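[1] Structure, please.
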Amino acid sequence: MVQSSNNGKANEGEAYDNDKLPSDEPFNSEIHIRGDSHLISHDPHLNEDGDALHRFLLEQAAFPPSFLLSCSGTHQETRTRQAQVPNGQGGTRSQTETYPVTITDFAFTINLTQCIISEPLGPPIYIAGDRSAISRGKTHLEVDEAPTKGADGKDLEMSQIQLGKQFRRKATSEEKDAVDTRAHRLELVGLPPWVHLPGEPLGTQATVDSDEARHRFQYSVHGVDQTFDDSGLQVPGENLRQWADEYCRSKKMLKEFNFHKIVYGWNLAELREEIARMIKLHWSHGGSHQPDIKFTLESDVVSVRPDNWLSRILSRRLVKFLLWVLLIYPLVIWPYKRFGSGGGGEWRVAGSAYAMAKWVHLEDSVPGETVESYSQRVPPIPSLRTLRATPKGISRLEGTREGEWFREWEGTIASFVREKRINRTPVTMPSNQPGAVLDGYRG
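    Numbers count the residues shown, from 1 in each chain. From the prediction side, this is the model:
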């Protein structure tokens, strides 16, 4: 599927305080949406003009990914059948044999996208931290960090470290493992990439791309695990526009800029456990089997790739598969992409983040104010449970918490399990439960 993307005016991106603001001039970009919802553009303009690429990514950030919950349960049964086997005398005889069969008891998907909070000023654009092992234009992971050791391996004095300059180097195995561990932990507990976790060095966490967004999302993260720090959102060493310029300066034939969209604000590990516990109560095989529960994102990657024949055919999954089967890709294309000076290089340095629940600063509050004093000064107010004090003042909780969503949907999920519902079309609304239409049923 190919569609045209009409980029908006610069005032749509004014919230992003980059060194170079997007131009006023709109343009159309060619977009190819693959069957796996991966959005790919080979538009030549996006590969040559950093301003155009910057505007394109800001435009795409306005569209959140699809957030889905899939639940399924299966069990094994043993069946019998009659088979013809040799009788040892040149003929055959009938014999009863058994074989296993996998029975799907239920399989359904719930669309959680409607729970993502709308951001009129745009979602925050995050940039990888300088000390984060990430793809920065090469085929291996790198970090941007001034060396702290000399050629002899000894620690340099602080006066010898060239602060303020970027030194790009290949990431160590420890740094690569740290990035994977951190990403997994953030996803499970529902934290965005810019929070600082206890014990990790500064610069590992992501930065936020504009002054406006840093102010808006400071102290905004909602989570049961309060050991994180989102008080001092860092300024990126290179902002999104500068990374776009760097990508466009590259002449590599198989380069690509990958922009990732993530969702945060829910503790998915705890929610998964609660859903599994509830399903097992209503599943006839729940006593001896575990349900399969998955949270997935779709339309969460935007890729920009060069406008040449080789890059275009490699974006086609079927063609790439055939090239693998014919050994052309592993023996010819992959070595060129991996080791050729004009071959491949990936930029995976930026993305956008979308909240399911977050704290929003109330502009009519003042620093040092308590929830109680604010509630007396500015009536009427929502429940005190949805307010909290921060160094900036008072914040209000917006969005849907995972517990609130679970309370609304647990009856529907239970009925799907009991009914042995098999439906791959995502469900968007919970079914009416007995009493749900009565005034006061939900408190």
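[2] Can you list the low-confidence ranges for the stretch 101-250 of the chain?
    For the stretch 101-250 of the chain, the stretches flagged by pLDDT under 70 are 146-166, 225-226.
[3] Just the CA trace of stretch 346-361, in PDB.
    Taking C-alpha atoms only, stretch 346-361 is exported to PDB below (Å, rounded to 0.1, in the frame of the first residue of the first chain):
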ATOM      1  CA  GLU A 346      21.300   2.500  10.700                       C
ATOM      2  CA  TRP A 347      20.200   5.500  12.800                       C
ATOM      3  CA  ARG A 348      18.000   4.400  15.700                       C
ATOM      4  CA  VAL A 349      18.400   7.400  17.800                       C
ATOM      5  CA  ALA A 350      14.900   8.900  18.200                       C
ATOM      6  CA  GLY A 351      11.300   8.100  18.700                       C
ATOM      7  CA  SER A 352       8.000   9.400  20.300                       C
ATOM      8  CA  ALA A 353       6.300   8.300  23.500                       C
ATOM      9  CA  TYR A 354       2.600   8.100  24.200                       C
ATOM     10  CA  ALA A 355       1.100   7.900  27.800                       C
ATOM     11  CA  MET A 356      -1.700   5.700  29.000                       C
ATOM     12  CA  ALA A 357      -1.700   7.600  32.300                       C
ATOM     13  CA  LYS A 358       0.400  10.600  33.400                       C
ATOM     14  CA  TRP A 359       0.600  13.500  35.800                       C
ATOM     15  CA  VAL A 360      -0.200  17.000  34.400                       C
ATOM     16  CA  HIS A 361       0.900  20.100  36.100                       C
END
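[4] okay, now the nearest residue to Q95 once chain neighbours are set aside: neighbour count?
    Nearest non-adjacent residue to Q95, counting by CB to CB, 6 or more residues apart in numbering: V85, 4.9 Å away. C-beta coordinates here come from the backbone N, C-alpha and C atoms, glycine included. By the measure other CB atoms under 10 Å, the count of residues near V85 is 10.
[5] And for L57?
    Quick note: L57 (other CB under 10 Å) scores 24 neighbours.
[6] got it, and Y126?
    By other CB under 10 Å, 26 other residues sit near Y126.
[7] Bridged to it, which residues?
    V208, G351 (DSSP bridges).
[8] about what we covered before: quick one: contacts for the residue nearest to Q95?
    By CB atoms under 8 Å, 6 or more residues apart in numbering, the residues touching V85 are 92-93, 95.
[9] Rebuild the residues you listed as JSON lines, extending it with neighbour count.
    Output for the contacts of V85, formatted as JSON lines (neighbours: other CB atoms under 10 Å):
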{"residue": "T92", "neighbour count": "11"}
{"residue": "R93", "neighbour count": "11"}
{"residue": "Q95", "neighbour count": "11"}
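[10] Surely K251 forms part of a strand?
    No. Read with DSSP: H, G, I helix; E, B strand; the rest coil, K251 is coil and lies in no strand.
[11] State the distance from it to G340.
    12 Å (CB to CB, to the nearest Å).
[12] Equivalent analysis for A414, please.
    A414 is 56 Å from G340, by CB to CB.
[13] right, and S29 touches H42 too?
    No. S29 lies out of contact with H42 (CB atoms under 8 Å); the separation is 9.6 Å.
[14] These two - which one has more neighbours?
    More crowded of S29 and H42, by other CB under 10 Å: S29, with 22 against 19.
[15] The stretch of helix or strand the more buried one belongs to pairs with which strands?
    Element membership for S29 (DSSP states H and E) is strand 28-33. As defined by DSSP bridges, the strand partners of strand 28-33 come to strand 2-6 (antiparallel), strand 39-41 (antiparallel).
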